[in-house]
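> next input, structure requested:
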Amino acid sequence: MTQKAKHFRGERSLKSHLHLMFQANELCHVFIFTSLIIKQRVTISINSPAKKARNSTMERPYPLLTLSGFFFFFLLPAACQSCPEYQKQALLEFKSSVLAINSSLNTSDDSPLQEWSSSSNSSCCQWYEVRCNDSPNPTSKVVISGLYLDRLLANLSPQSTILAPLFHIRTLEKLYLSDNNIQGEIPAIGIANLSNLVTLYMDGNKLSGSIPPQLFHLPLLRSLFLDGNSLSGEVPEEFGNLTSLQDLSLSGNKFSDAMLRSVVLCLKGLEYLDLSHNYLSLEIPTEIGNLSNVVTLSLNNNRLTGGIPSSLQKLSKLKILHLQNNFLTGEIPSWLFNFEDLWNLFLGGNRLIWNNSAEIAPNSRLCQLSLKSCGLVGEVPKWISTHTSLYFLDLGRNNLHGAFPGWLLEMQLQGLILSDNKLTGSLPPDIFSRLHDIGVLALSRNNFSGELPKNIGNATSLRVLTLSENNFSGPVPQSLIHCLHLQLLDLSRNRFSGSFPVFDPQVGIAYIDFSYNDFSGEVPIGFPEETRFLALGGNKFSGGLPFNLTNLSKLERLELQDNNLTGELPNFLSQISTLQILNLRNNSFRGSIPQSIFNQLSSLRILDISSNNLTGEITEEFHNLVGMIEPPNAPSSLIENIALGFTKTWAYQTVQVSLDFEDLVVNWKNSKQGISSDILNIYTLLDLSNNQLSGHIPASLGTLKALKLLNISHNKLYGKIPTSLGDLENIETLDLSHNNLSGSIPSTLTKLQQLTILDVSNNQLTGRIPDGGQMGTMVLDPSYYANNSGLCGMQIHVPCLKDDGLPLPPPTTKTQEHHHKGAWFLWEGVWIGYPVGLLLAIGIIFGTRYFTLSPPSNRQHRRHCPI
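Take a look at the predicted model:
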């Protein structure tokens, strides 16, 4: 979903002072010195393509009092008068519904709506986020004209019916309900009442269903923002009634092709259109050229096909064009660079082809350009240098080679992405002094080498630095600690060595990745308290884990795999209560697994402590591992949340930075596989393999119903396989191999509908291998049952025997019942038919001799012939 800037609330502090001045009703009957009413215009910074490209302004009137002379006037009407009683009661009814939900959820009752009072002395025009019309005529009727209730209900997730009282306020012109987690459908009848509505924001909720036709009967509606919901359905015929509509954002929903067709045919007065992140899969209609007033056009992150239509050339007012991340094909037309006022051009992530011989005219207004994965070949194109206003450039995932171009240092770049190319050489020594305003620098997955320039600390605006998978070497410059705004630092998979920079604890770095370099010594401890992702795996660190890790109170992901760490797993790990992922694989830890890890790390979803020297028994206590018990309810991705924080507002807009992060490598389905950070939030894993653990498999493991992988192989476990493992309803890989397990494989495992790999090889198991349910349909590898001398079953082509040594018939299941009955009938027929057939044959032989007449002799024949 496109990220947007929400509305400034700076007026609230001023408004609280006004409350002190105007709360007393008797002030309305006295004279005061003249005060000049100034209606402040608040400029809204456009945080992304999801807001208007032009300098949008929103009037949120509030009185700003300045002493202007010694004239006497009556106190302001808006301060003295209240809204109509029915409107006041509507607000109080809405407040009552909100507080009722608060009470039912046992949440705090410090709602800002508490100031909405039924007292006769309380003017609803002065209530929290309520705006009344501000007519200077004292005799004019005061009515509510605006409600600004963004994020008010975010913690309550109410149904949309809670809005019903607000729809009685028919004088509303502006209604803001963004980011409230409101569920259900858009109230059709209620919306129809708001015939004066000019602006409606319901973005960032959980609304579903279709857009009600009543919404398209609001003749004055100019701005409609419904992005970030789950809306879908057909487009009403009344869509064309919105003749005043200028701004339409339906981004981040589930609309299909009909929506785009209707928009381009019916809403020709649009200035701002955002249909990104939907299910559009058609070719861009040529009629899109009829949107002659459009300034911002965002169709990115859909499934659009075909080429870029030439009719786009008609959009002479176009300033922002976002077509990235679709399936567009063909050559990128050079005329896209001819729009005089074009600010942003994003074409990356398609199947478009760049013509390297194209002549591009200079454009002094172009600010942001993304040609990611557009087939650029050769050196970084020099024509880019003629775009003198460019401050964000993304040329990632192309086939660019050569050195880092020096002319890039002459531009005022604030964001530069050259990742996934074939660039070589060392970085210019003055890169960070000349690009001192750089906010995002992404050079990962190239062939850069050499040491990092020591003056990296000069880039004090740096927020994102990714240099992973290159050949950089030497120490990390200590001046890096002067980059106080740094939030993401990825130097993984290089050859860095030497000492670590010691960061200020108060610096806001959330993501730190130094994995797979040549660092050695003890695990460093100088990391900021805001760190949420810390990856130090694949180095040569030794010794134990430092207690200072407990200072990282927000740490969610800790990776120290593939090092030389020793000692016991410390109990203090349980003090990092925010941990979701803990990876200590392939070290030399010894001793038992601390009970506290399972008792206190309730958020833990992925625990990998395989390939160590851990001993003892596996605990029985798993009931506190909520992260492994409850399947994730679409939790937000750690990386996604961090990445959203890295967008930097430049020139009243936010650059959408698309970055790739390292996968989490795990033993998945008997091989090392990487789980992408984009989907890591849906995986829950427990890997205790390759240790010296002993004892029985605890039955309580079956309570971890969210697990997708459970690997306890290569230990010294004994006893029977618990039947409770059949309760692991989400399990895909279950590896119990290379232990001393005995008994049979429990039939409860046939309930595991997601199971694709079951490895019980190299144990002492006996009996029939269950073959019902998923056990009978998954792809079978006989090696998964090898070296269990007592196992039998069709999976390993070993027949199961009775006590007398005869083969057992296969077990009857519902799916096999028909075949079983057929087989019974066939064999019974053989045993019955054989003796019956034998007797019948004998009877035929003897019967034939008794009843058949012999042929006449010649003598008899002659006797009967006439003479």
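> I'd guessed Asp735 sits against Asn711; true?
Yes: assessed by Cβ atoms under 8 Å, Asp735 is found in contact with Asn711 at 4.3 Å. Where you see a C-beta, it was placed from the backbone N, CA and C, and this is true even at glycine.
> what residues do those two have in common as contacts?
Ser689 (Cβ atoms under 8 Å, 6 or more residues apart in numbering).
> need the pLDDT of Phe826.
I think there's a mix-up here, since residue 826 is Leu and not Phe. Residue-level confidence at Leu826 comes out at 37, pLDDT.
> quick one, what contacts Glu287?
Counted by Cβ under 8 Å, 6+ apart, Glu287 has contacts 264-265, 311.
> just give the closest residue to Pro722, not the sequence neighbours.
Closest residue to Pro722 apart from its sequence neighbours, by Cβ to Cβ, 6 or more residues apart in numbering: Ala699 at 4.2 Å.
> and that neighbour, its phi and psi?
Here is the backbone geometry of Ala699 (degrees, to the nearest 10): phi -60, psi -20.
> contact partners for it?
Residues in contact with Ala699 (Cβ under 8 Å, 6+ apart) are 620, 722-724.
> do the same with Arg585
So Arg585 contacts 561-562, 608-612, 687 (Cβ under 8 Å, 6+ apart).
> among those residues, which pair sits farthest apart?
Asp562 and Asp687 (14.0 Å; Cβ to Cβ).
> sorry, back to before: what about the residue nearest to Pro722, distance to Asn711?
18 Å (Cβ to Cβ, to the nearest Å).
> for the helix or strand where Phe598 lies, could you pull out the residues that count as buried?
For Phe598, the element it lies in under DSSP states H and E is helix 595-600. The neighbour-count check on helix 595-600 (16 or more other Cβ atoms under 10 Å) flags 596-598, 600 as buried.
> where in this protein is pLDDT low?
1-81, 104-110, 135-140, 632-681, 779-780, 802-867 (pLDDT under 70).
> that one: helices as residue ranges?
Secondary structure of the chain by DSSP state H: the helices cover 11-22, 77-80, 85-104, 188-192, 257-266, 431-434, 595-600, 626-629, 638-644, 817-851, 858-864.
> residues near Leu427, how many?
22 (other Cβ atoms under 10 Å).
> ugh, wrong one, Ala361
Neighbour number of Ala361 under other Cβ under 10 Å is 11.
> show me the contacts for it.
Ala361 makes contact with 337-338, according to Cβ under 8 Å, 6+ apart.
> again, only using 6 Å
Listed by Cβ atoms under 6 Å, 6 or more residues apart in numbering, Ala361 has no contact partners.
> how much space between it and Pro405?
Distance from Ala361 to Pro405, by Cβ to Cβ: 20 Å.
> ditto for Lys88
Separation of Lys88 from Pro405 (Cβ to Cβ): 65 Å.
> the two: which is more packed in?
Lys88 (23 against 18).
> so what's that one closest to, chain neighbours aside?
That would be Cys124: by Cβ to Cβ, 6+ apart, it lies 4.6 Å from Lys88.
> wouldn't that neighbour be in contact with Tyr86 here?
No: using Cβ atoms under 6 Å as the test, Cys124 is too far from Tyr86 to be in contact (10.9 Å).
> these two - which one has more neighbours?
Cys124 (22 against 10).
> so what's that one up against?
82-83, 88, 91, 130.
> ok, how many other residues are close to Val294?
28.
> separation between it and Asn326?
Counting by Cβ to Cβ - Val294 and Asn326 are separated by 18 Å.
> swap in Ser444?
Distance from Ser444 to Asn326, by Cβ to Cβ: 24 Å.
> tell me which of the two has more neighbours.
Ser444 (26 against 23).
> can you pull the phi/psi pair for the more buried one?
Dihedral angles (degrees, to the nearest 10) for Ser444: phi -60, psi 150.
> isn't it up against Asn470?
No: under the criterion of Cβ under 6 Å, Ser444 makes no contact with Asn470, lying 7.3 Å away.
> mind listing what Asp394 touches?
Contacts for Asp394 were tallied using Cβ under 6 Å, 6+ apart; they are 370, 372, 417.
> now, those residues that are in strands?
Under the assignment DSSP state E, the contacts of Asp394 contribute 370, 417 to strands.
> any of the contacts of Asp394 buried? List them.
Applying 16+ other Cβ under 10 Å to the contacts of Asp394, the neighbour count classes 370, 372, 417 as buried.
> enumerate every residue touching the first one.
Contact criterion Cβ under 6 Å, 6+ apart gives 324, 346, 348, 394 as the residues in contact with Ser370.
> any idea how far it is from Asn571?
49 Å.
> same check on the second one?
As judged by Cβ to Cβ, Lys372 and Asn571 stand 47 Å apart.
> the last one now?
For Ile417, the distance to Asn571 equals 43 Å [Cβ to Cβ].
> can you put the contacts of Arg585 in CSV and add distance to Leu270 and neighbour count?
As requested, the contacts of Arg585 are arranged in CSV below (distance: Cβ to Cβ, whole Å; neighbours: other Cβ atoms under 10 Å):
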residue, distance to Leu270, neighbour count
Gln561, 52, 24
Asp562, 54, 21
Asp608, 51, 24
Ile609, 56, 23
Ser610, 56, 25
Ser611, 59, 20
Asn612, 61, 23
Asp687, 53, 23
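> so which of the residues you listed are in strands?
608, 687.
> just the closest of the contacts of Arg585 to Leu273, please.
Asp608 (46.5 Å).
> tell me how many other residues surround Asn253.
25.
> can you check Lys716 too?
13.
> state the distance from the closest residue to it other than its chain neighbours to Gly591.
Distances taken as Cβ to Cβ, 6+ apart place Ser694 nearest to Lys716, at 4.4 Å, with adjacent residues excluded. According to Cβ to Cβ, Ser694 and Gly591 sit 13 Å apart.
> same question for Asn155.
43 Å.
> cool, Cys266 as well?
Distance from Cys266 to Gly591, by Cβ to Cβ: 70 Å.
> so the two - more neighbours on which side?
Counted by other Cβ under 10 Å, Cys266 and Gly591 do not tie: Cys266 has more neighbours, with 19 against 14.
> ok, that one touching Phe239?
Yes: with contacts counted by Cβ under 6 Å, Cys266 reaches Phe239, the gap being 5.1 Å.
> what's the end-to-end length of stretch 534-554?
Stretch 534-554 has an end-to-end distance of 11 Å (Cα to Cα, to the nearest Å).
> can you pull the buried residues of it?
Residues of stretch 534-554 classed as buried by neighbour count (16+ other Cβ under 10 Å): 534-539, 541-542, 545, 549, 551-552.
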